[in-house]
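# Okay, sequence plus prediction incoming.
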Amino acid sequence: MTSRGLRPLLACLIKVTVEQLRYTWTSMETTGRRFYNVQPDVVSRDRILFETRSAEVLAHRLRFRKCRLNSCLHKIALHDTGTCDSSCGQAETIEHYLINCSQNEIAAAFKNICDQLKISFTLPSILRQVAVLEEIRRLTHRQL
Ligand SMILES: [Zn+2]
């Protein structure tokens, strides 16, 4: 068989593989559901492009829920309690830090940004928006 004869076969193979990947991504029941909420289509060609590498790293850490907030550090025994550094006493999860904490100015700033951009003030929608992720990187003075 010539290389020209293989092209239709290769195209068919790629199509089947992509469909299998898409089916697996949408039918998973437990693994990867948090990331699925942020990126429902695994084979989308609409990739998010960030201005800086540090914003991209931060976005992926937040999307995979593996960052340097106290709750994550507590899971790997690098923080005693895992609670917020502010006086609120709640577990410092990503959602708490970015949305719910009443003691830090970060949550209020993100609420204003989401209002200006007219996007929902929920974690999945925040983690989908490049502009918000760039602001997270810009506004936070600690490594996440
Ligand atoms: Zn707090």
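In hand now; what should we look at?

# alpha carbons only for contacts and neighbour counts from here, please
Noted.

# how about the helix or strand where Lys111 lies: buried residues?
Assigned by DSSP states H and E, Lys111 belongs to helix 105-117. Within helix 105-117, the residues scored as buried using 16 or more other Cα atoms under 10 Å are 106-111, 113-114.

# any idea which helix or strand comes after that helix?
Where DSSP H and E defines the elements, the next helix or strand beyond helix 105-117 is helix 123-128.

# Buried ones in the next helix or strand after that following helix, by neighbour count?
Tracing the chain C-terminally past helix 123-128 and defining elements by DSSP H and E, one meets helix 130-139 next. By neighbour count on 16+ other Cα under 10 Å, the buried set for helix 130-139 is 130, 132-134, 136-137.

# Quick one: distance of helix 130-139 to the chain centre.
Using Cα atoms, centre = their mean, to the nearest Å, the mean C-alpha position of helix 130-139 is found 12 Å from that of the whole chain.

# what's the answer for stretch 72-89, then?
Mean-position distance between stretch 72-89 and its chain equals 21 Å (Cα atoms, centre = their mean).

# gap between the two ends of that stretch?
Start to finish, the residues bounding stretch 72-89 are 16 Å apart (Cα to Cα, to the nearest Å).

# Could you give me the buried positions within that stretch?
Neighbour counts over stretch 72-89 (16+ other Cα under 10 Å) mark 72-74, 81-84 as buried.

# will you turn these into CSV that also has distance to the ion?
Below are the buried residues of stretch 72-89 laid out as CSV (distance: Cα to the ion, whole Å):
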residue, distance to the ion
Cys72, 14
Leu73, 15
His74, 15
Thr81, 13
Gly82, 11
Thr83, 8
Cys84, 5
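
# Turn these into CSV, columns for secondary structure and pLDDT.
Converted to CSV, these look like this (DSSP: H, G, I helix; E, B strand; the rest coil; pLDDT from 0 to 100):
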residue, secondary structure, pLDDT
Cys72, helix, 94
Leu73, helix, 95
His74, helix, 96
Thr81, coil, 94
Gly82, coil, 94
Thr83, strand, 95
Cys84, coil, 93
